[in-house]
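Participant: With the input below, show me the fold.
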Amino acid sequence: MASIQVSSVLSRTLCSSSSSNPIKSSFHVPKLPKSLYIAPKVRPSRKLFEELNGQFTHTIPVKIQENEYYSPKSSPSSSKTKTITQLYAILESVSDRIEMHQNIGEQRDNWNTLLLNSINMITLTASAMAGIAAISGSGAPLLALKLSSALLFSASTGMLIIMNKIQPSQLAEEQRNATRLFKSLKSNIETTIAIGNPTKEYVKDAIANVLALDKAYPLPLLGVMIEKFPQKYEPANWLPTKKSTRSNMISQINETKQKGWRKNGWNEGLETEIKDVLEVMKRKDMEDYERLGNLVLKINKTLAIAGPLLTGIAAVGSTFVGQGSWTSIVPVVAGALATAVNSFEHGGQVGMVAEMYRTCGGFFQMMENSIQENILEEDEEKRENGELLEIKLALKLGRSLSQLRDLARKSAYSREEGTTVDEFASKLF
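Facilitator: Take a look at the predicted model:
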């Protein structure tokens, strides 16, 4: 209240003073020199106008979107923008495939567990019914037990044939490997987008890698399913086909000229080191996985034939139960053996082990192709950086750089002495 009274008093005082002594104000504009008012007698030339116009064109920012300004000099090229857009489209497809392979892999793993338990329960039930029928005497109860046992053994045989044909444990391992490889491809594309300047060739290679993985690890079962029992072991191949064949690359790799250069991380010693490591991989790791792959393939074939054969014998034998002592023993023993074989094959996931060896063989073949492509490239600038390749090779083999170089020295020494290296290149597999 006091502040209001003070302000009113001040306002009355100011009004009275202004009415008695009016304030007079005036503005004095200084006179400018005459030289500033003199217009130029010579008009600017057209050349000067064009130069000024060009400078304004390059310096005035252009509004492209709301709150986003950039100078035309700093704008990305349309080709680079198009390439990045294409890579994002490929990245979206790769993410979708990762999700599909994960879901289908879990489904096929469930198939293996459910089918294994169901077939074993059916087989054991049929064996028990055949044994009961052997001591039940004669008449309708005997006939009912015989028919039930024969039907259950027949159903078990049919289910076993289907299960052994598709190998659910092997299918699940295929999807796990496909998920891992698609995740690796996704990480590679994301790194390329984040780091550098992706080219059209990289886009083509990314598309080719996606299609090669689709072919190497198909999702459908009918028509395109990977052969589960091939004639011989063959490593998995998920790389796109190149113009130069693998045989030509192997024949040319020893013909590369040794130079005393050091460019793009490469030098004569590094190239020799990588060649020596590659030689150990081919002579030890790849040969060992081929031997083990063929062994597991034969075991899987034998078990896949033995299971349905035993349940088929039990189905036939159960129809003759009660006609002799041996006719009562055959279905029971055959059913028990079939259960044991089925449990070892699918419970032990022999098909998954075969697929694991096939994928490991493909891993070493991929590393071999990568090394050969770099060594055979005459232009060092087009190669992958040599020091980076050495680090990646060491990590993929589970070694440090010093251990990798020691392995290369052992390989060179054994080649000169005519002996074999006493260790494998990889410490992971």
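Participant: how about the helices in the stretch 301-429 of the chain?
Facilitator: Remark: helices assigned in the stretch 301-429 of the chain by DSSP state H, counting those that start in this stretch are 325-342, 350-376, 386-396, 401-417.
Participant: Where do the helices of the stretch 151-300 of the chain begin and end?
Facilitator: Going by DSSP H, counting those that start in this stretch, the stretch 151-300 of the chain shows helices at 168-195, 200-216, 246-253, 268-280, 287-318.
Participant: Show me what the longest one is packed against.
Facilitator: Going back to what we said before, that points to helix 287-318. With contacts taken as 3 or more Cβ pairs under 8 Å, 6 or more residues apart in numbering; DSSP states H and E, helix 287-318 sits against helix 78-135, helix 140-166, helix 325-342, helix 350-376. C-beta here means a position set from N, CA and C on the backbone, and glycine is covered the same way.
Participant: quick one: residue 100 and residue 179, what's the gap?
Facilitator: Separation of residue 100 from residue 179 (Cβ to Cβ, to the nearest Å): 9 Å.
Participant: Look at those two and report which has more neighbours.
Facilitator: Between residue 100 and residue 179, counted using other Cβ atoms under 10 Å, residue 179 has the larger neighbour count: 20 against 15.
Participant: and that one, what does it touch?
Facilitator: Counting by Cβ atoms under 8 Å, 6 or more residues apart in numbering, residue 179 makes contact with 98, 101-102, 105.
Participant: And for it, nearest residue in space, chain neighbours not counted?
Facilitator: Closest residue to residue 179 in three dimensions, ignoring its sequence neighbours and counting by Cβ to Cβ, 6 or more residues apart in numbering: residue 101, at 4.5 Å.
Participant: Quick check: the gap between the closest residue to residue 362 other than its chain neighbours and residue 84.
Facilitator: Leaving aside its chain neighbours, residue 362 sits nearest to residue 236 (3.3 Å; criterion: Cβ to Cβ, 6+ apart). Here residue 236 is placed at a distance of 31 Å from residue 84 (Cβ to Cβ).
Participant: Settle it for me: which of these two has more neighbours?
Facilitator: Ranked by neighbour count (other Cβ under 10 Å), residue 236 and residue 84 place residue 236 first, with 21 against 16.
Participant: Where does pLDDT dip in the stretch 301-429 of the chain?
Facilitator: Residues of the stretch 301-429 of the chain meeting the criterion pLDDT under 70: 324-325.
Participant: where does the residue lying closest to residue 98 once chain neighbours are set aside land on pLDDT?
Facilitator: If the residues on either side of it in the chain are set aside, residue 98 comes closest to residue 182, at 4.8 Å by Cβ to Cβ, 6+ apart. pLDDT for residue 182: 95.
Participant: how about the helices of the stretch 301-429 of the chain in TSV, adding distance to residue 141 and mean neighbour count?
Facilitator: Listed next are those as TSV, based on distance: least, Cβ to Cβ, whole Å; neighbours: other Cβ atoms under 10 Å:
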stretch	distance to residue 141	mean neighbour count
helix 325-342	15	20
helix 350-376	40	21
helix 386-396	66	16
helix 401-417	72	15
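Participant: quick one: which of the ones you listed is nearest residue 148?
Facilitator: helix 325-342 (11.9 Å; Cβ to Cβ).
Participant: which strands and helices sit next to the closest one?
Facilitator: With contacts taken as 3+ Cβ pairs under 8 Å, 6+ apart, helix 325-342 sits against helix 78-135, helix 140-166, helix 287-318.
Participant: Report the inter-axis angle for that helix versus helix 78-135.
Facilitator: 160 degrees (axes from the mean of the first three to the mean of the last three Cα atoms, to 10 degrees).
Participant: residues in contact with helix 325-342?
Facilitator: Contacts for helix 325-342 (Cβ under 8 Å, 6+ apart): 116, 119-120, 123-124, 126-127, 130-131, 133-134, 149, 153, 156, 160, 303, 306-307, 310-311, 313-315, 317-318, 320-322.
Participant: Just the angle for that helix relative to helix 140-166, thanks.
Facilitator: Using the same axes, to 10 degrees: helix 325-342 against helix 140-166 is 30 degrees.
Participant: For helix 325-342, C-alpha coordinates in CSV please.
Facilitator: What follows is helix 325-342, C-alpha atoms only, in CSV (Å, rounded to 0.1, in the frame of the first residue of the first chain):
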residue,chain,number,x,y,z
SER,A,325,10.0,-119.1,-28.3
TRP,A,326,12.1,-117.1,-30.8
THR,A,327,9.1,-115.2,-32.1
SER,A,328,8.5,-113.8,-28.7
ILE,A,329,12.1,-112.7,-28.2
VAL,A,330,12.6,-111.0,-31.6
PRO,A,331,10.2,-108.0,-31.3
VAL,A,332,11.2,-107.2,-27.7
VAL,A,333,14.9,-107.3,-28.4
ALA,A,334,14.6,-105.4,-31.7
GLY,A,335,12.4,-102.7,-30.1
ALA,A,336,14.9,-102.3,-27.3
LEU,A,337,17.9,-102.0,-29.7
ALA,A,338,15.9,-99.5,-31.9
THR,A,339,15.3,-97.3,-28.8
ALA,A,340,19.0,-97.4,-28.0
VAL,A,341,20.1,-96.6,-31.5
ASN,A,342,17.5,-93.8,-31.9
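Participant: Give me the distance between that helix and the centre of its chain.
Facilitator: Remark: helix 325-342 is offset 45 Å from the chain centroid, using Cα atoms, centre = their mean, to the nearest Å.
Participant: quick one: it to helix 287-318, angle?
Facilitator: If you take the same axes, to 10 degrees, helix 325-342 sits at 150 degrees to helix 287-318.
Participant: Reformat the helices and strands packed on helix 287-318 as TSV; add distance to residue 240.
Facilitator: As requested, these are arranged in TSV below (distance: least, Cβ to Cβ, whole Å):
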stretch	distance to residue 240
helix 78-135	14
helix 140-166	27
helix 325-342	39
helix 350-376	11
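Participant: Tell me which of these sits nearest to residue 211.
Facilitator: Of all the helices and strands packed on helix 287-318, it is helix 78-135 that lies closest to residue 211, at 10.4 Å by Cβ to Cβ.
Participant: so what secondary structure elements neighbour the closest one?
Facilitator: Short answer (3+ Cβ pairs under 8 Å, 6+ apart): helix 78-135 packs on helix 140-166, helix 168-195, helix 200-216, helix 287-318, helix 325-342.
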